[in-house]
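>>> Sequence and predicted structure, then a few things I'm wondering about:
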Amino acid sequence: MKMKKRIVTVSVVLVLACAIVALYWYIDRSGKQAKEPVNTVAEQILSKNLETNYPPTPYSVAELYCGIVQCIYSADTTEAQLEELVRMERELFDEEFAALNPYESLLAATKADLETAKEKGLVFTGYVLDKASNVSKWKKDGDAYASIMFQLMSRSDSGSGGSYRNLIMRKDSNGNYKILGWETAEAENE
């Protein structure tokens, strides 16, 4: 009888141990599945609705524009995301600048730039945007303008570097700063 009691006790302990392990495994797996998936930078940018939440300052327009450019040149960006990023980029453009850059043409030019960069082994590594206090503002012919400098950083087999651009914006009839264009700029000595 003692032997039978031991077998029952050992069996009960084994069943309880298995149940505890199974419960732990279930809780661990369900906890991982319940967590929100981490959004990529492109997904975060594309989640912005510019119609209802347009960037309020020239600096924030430049910051969003640089973020879009960073995503466009990211190896992780999908074809569908690229198309949406180019659409969003155009939403930041002033009407005149957008008219000069129709969506299909801008998308084709962007894809050509990406292919050229790939052939040259050029990798976009980020951007550096001047401080918000470095935004220049002026008025001309009743229109309000602003500009800010940024640097696009890149690397290739021959080393790393960057190019400076001065982003020029004009305030539209809704009070939003829209990109009128950019020009190549030289780094200012600080």
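Now that the structure is in, tell me what you want to look at. Numbering: from 1, shown residues only.
>>> Would you mind stating the distance between residue 54 and residue 96?
Going from residue 54 to residue 96 by CB to CB, to the nearest Å gives 18 Å. From N, CA and C alone the C-beta is placed, and that goes for glycine too.
>>> Of the two, which one has the most company?
residue 54 (19 against 12; other CB atoms under 10 Å).
>>> Now do stretch 97-111: distance to the chain's middle.
Computed by CA atoms, centre = their mean, to the nearest Å, the chain-centroid distance of stretch 97-111 equals 20 Å.
>>> Can you tell me what sits against that stretch?
With contacts defined as CB atoms under 8 Å, 6 or more residues apart in numbering, stretch 97-111 is touched by 72, 82-83, 86-87, 89-90, 93, 178-181.
>>> Mind doing that once more with 7 Å?
72, 83, 86-87, 90, 93, 179-181 (CB atoms under 7 Å, 6 or more residues apart in numbering).
>>> Return a selection command, for use in PyMOL, containing the buried ones of these.
Burial among the contacts of stretch 97-111 is assessed by 16 or more other CB atoms under 10 Å; the matching PyMOL selection reads:
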select buried, resi 72+86+90+93+179+180+181
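>>> which one among the contacts of stretch 97-111 gets closest to residue 132?
residue 179 (16.8 Å; CB to CB).
>>> so how far is residue 39 from that closest one?
25 Å.
>>> next one: residue 77
To residue 39, residue 77 is 13 Å away according to CB to CB.
>>> quick one, which of those two is more surrounded?
Comparing residue 77 with residue 39 by neighbour count (other CB under 10 Å), the higher total belongs to residue 77, at 19 against 11.
>>> Please enumerate the strands of this structure.
Along the chain, the segments classed as strands by DSSP state E run 123-129, 136-140, 143-156, 159-171, 177-185.
>>> Could you tell me which strands sit next to the shortest one in the sheet, and their orientation?
For strand 136-140, the paired strands and their directions (DSSP bridges) read strand 143-156 (antiparallel).
>>> Run a quick neighbour tally on residue 71.
Residue 71 has 24 nearby residues by other CB under 10 Å.
>>> Excluding covalently adjacent residues, which one is nearest to it?
Leaving aside its chain neighbours, residue 71 sits nearest to residue 42 (4.2 Å; criterion: CB to CB, 6 or more residues apart in numbering).
>>> That's all I had, so thanks and see you.
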